[in-house]
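Just the structure for this:
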Amino acid sequence: MLAIVIPYYKLTFFDETLSSLANQSNKHFKVYIGNDASPDDPTDLIKSYKGKFDLTYKKFEENLGGTSLTGQWDRCIEMVQEEKWLMILGDDDMLDSSVVNAFYKNLDVFKKKSKVVRFASKIIADKTKNTSDIFKHPVWEKAEDSYYRRFKGLTRSSLSEYIYEKETYLKHGFYPYPLAWHSDDKAWLEFSENTPIYTINEAVILVRNSSISISGRTDNEDLKNQASIKFYKYLISSKLHNYNIKQRIFLMRAGENEILKSRNLKMQEWMFLIFHHSQNFEFNSFKKLIKRFIKSILNR
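As a prediction, the model looks like this:
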């Protein structure tokens, strides 16, 4: 059975989120809502959906998302009972009416071949409510290839679009990057456990682009940058072998550039990059790296 976990904090669009669950053509799912000590009490709204789908609600007395968003995800997931598949749905995102039915329709196709499932998606503009074109994906795709397409700006990805096995979540967990920025990217790389991501393109998740969301805000760029630096170091040290040499060079340069957005590289970071470039040697890129390294030393 499918568990849909909602780490709740914002009331603004929450009615639309719950309405999308009530409108599912297949009700074979259970919803778990964990209130992160929000100042906006959703109790009356939740009561209005009583009987429309199976729901468990819990209010946490201490706000955790402000310091550890992945910690809030984790304690909401702890509410889940016997369900074997998990979805974390944002409190401002929505499912089209066929999502749950499409999941079960495809279950026999992917359940022994994939540990991570995703849906097609649309972006909703929070003010105009206009929607983007549908973002679709290859039906079967390596997690590393999926991330690289996103890295190159050829697609998009967010947490709400994915369903994954509870068992693999318990094994790997979500890494607590600042603001949980890239925590979902790392999760799909780890949760997939060398099996391909399976995409259900005939059903759509609607993801809201809001000025009050983490991705939409602009006052948190420093924390996003810190998270990106940590993620790229993980990607370079653990996942480069999954890419061809050209892709490896791109990813290593991306990690370097991410650091340079906020500061100069530290000596250990230069040594880290020099080591990995030497392990993935390409003459021109290595020569340019050494030139940048020498220039940084001379400018100190």
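
Give the residue spans of the protein that score low on pLDDT.
127-128, 211-213, 215-216, 218 (pLDDT under 70).

Could you chop it up by domain?
2-209, 221-298 (automatic domain parsing).

could the ones you listed go into TSV alongside mean neighbour count?
All C-beta spots, glycine's among them, are computed from the backbone N, C-alpha and C. Below are the domains of the chain laid out as TSV (neighbours: other C-beta atoms under 10 Å):
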stretch	mean neighbour count
domain 2-209	18
domain 221-298	15
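
Helices along the stretch 201-300 of the chain, start to end?
Along the stretch 201-300 of the chain, the segments classed as helices by DSSP state H, counting those that start in this stretch run 221-238, 245-260, 267-279, 283-298.

Same question for the stretch 51-200 of the chain.
69-77, 99-110, 143-151, 166-172, 183-191.

between those, which gets nearest to residue 251?
helix 143-151 (7.2 Å; C-beta to C-beta).

what sits up against the closest one?
116, 137, 155-157, 185, 188-189, 192, 196-197, 235, 239, 242-243, 247, 250-251, 254 (C-beta atoms under 8 Å, 6 or more residues apart in numbering).

That helix vs helix 183-191, what angle?
160 degrees (axes from the mean of the first three to the mean of the last three C-alpha atoms, to 10 degrees).

any idea of the angle helix 143-151 forms with helix 221-238?
Using the same axes, to 10 degrees, helix 143-151 lies at 140 degrees relative to helix 221-238.

how about the helices of the stretch 201-300 of the chain in TSV, adding distance to residue 8?
Converted to TSV, the helices of the stretch 201-300 of the chain look like this (distance: least, C-beta to C-beta, whole Å):
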stretch	distance to residue 8
helix 221-238	22
helix 245-260	31
helix 267-279	38
helix 283-298	46
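
Residue 65 is nearest to which of the ones you listed?
Comparing these by C-beta to C-beta, helix 221-238 comes nearest, at 13.3 Å.

measure stretch 85-102 end to end?
14 Å (C-alpha to C-alpha, to the nearest Å).

Let me know which of the helices of the stretch 51-200 of the chain is the nearest to residue 91.
helix 69-77 (10.9 Å).

Can you list the helices and strands that the closest one packs against?
strand 2-8, strand 29-35, strand 85-88 (3 or more C-beta pairs under 8 Å, 6 or more residues apart in numbering; DSSP states H and E).

chain center to stretch 143-157, what's the gap?
Here the centre of stretch 143-157 is set off from its chain's centre by 12 Å, with C-alpha atoms, centre = their mean, to the nearest Å.
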